[in-house]
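Asks: predicted model and sequence below, questions to follow.
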Amino acid sequence: MSLKRVSPEEARNLLDSDEGYIYLDVRSVPEFEAGHAPGARNVPILHRSYMGMRPNRDFVDVCERAFGKDAKIITACLKGGRSMQAARVLIANGFSSVVDMRGGFGGETDMTGAVVYPGWSTCGLPVTTEASDEETYEGLSRG
């Protein structure tokens, strides 16, 4: 199954549709807490530690328990790299309806840090710092 990528505006349209899409924010917990799309669910693909980023060994299990393998999922991160990785991991583990949001939350950048493809927040789409227990990693991992 090839990975379909959508723009932030296309992701917003899917989320606003009656198709039941979930915005899966795969950034670290602190990144999610600093700002995210309203209604986003946070399951990090990597955790931040004092030694840098380390894999979240529970990523697939938490996603499966929280959403099920038939869930319609839009993966997103900060710039697009982690979410592509997360989408591929989910697809490889039997998730049947996964798309990746290109540009992530903050936009793809070049080597100078200039945004070359806009992300969710840089497109002016809604952002919040509020999250229910069903949206936080802590709540979802208790599942």
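Replies: Sure, I can see it. Numbering: from 1, shown residues only.
Asks: could I get the average pLDDT for the helix or strand harbouring Ala86?
Replies: Ala86 belongs to helix 81-92 when elements are defined using DSSP states H and E. In this model, helix 81-92 has an average pLDDT of 97.
Asks: who does it touch, helix- and strand-wise?
Replies: Of the remaining helices and strands, those touching helix 81-92 by 3 or more Cβ pairs under 8 Å, 6 or more residues apart in numbering; DSSP states H and E are helix 59-67, strand 72-76, strand 97-101. Using the backbone N, CA and C atoms, a C-beta is placed for each residue, glycine as well.
Asks: where does the residue lying farthest from the centre of the chain land in three-state SS?
Replies: Outermost residue of the chain with respect to the C-alpha centroid, by Cα atoms, centre = their mean, is Thr112; its distance is 24.4 Å. Assigned state for Thr112: coil (three-state reduction, DSSP: H, G, I helix; E, B strand; the rest coil).
Asks: gap between it and Asp16?
Replies: According to Cβ to Cβ, to the nearest Å, Thr112 stands 34 Å off from Asp16.
Asks: and if you look at Arg102?
Replies: Spatial separation of Arg102 from Asp16 under the definition Cβ to Cβ is 18 Å.
Asks: quick one, which of these two is more surrounded?
Replies: More neighbours sit around Arg102 than around the other of Arg102 and Asp16, counting by other Cβ atoms under 10 Å; the figures are 21 against 9.
Asks: that one contacts Lys4, doesn't it?
Replies: No - using Cβ atoms under 8 Å, Arg102 is not in contact with Lys4, being 10.2 Å away.
Asks: got any residues that touch both of these two?
Replies: Counting by Cβ atoms under 8 Å, 6 or more residues apart in numbering, Arg102 and Lys4 have no common neighbour.
Asks: quick check: bridge partners of Thr75?
Replies: With DSSP bridges as the criterion, Thr75 is bridged to Leu24, Asp100.
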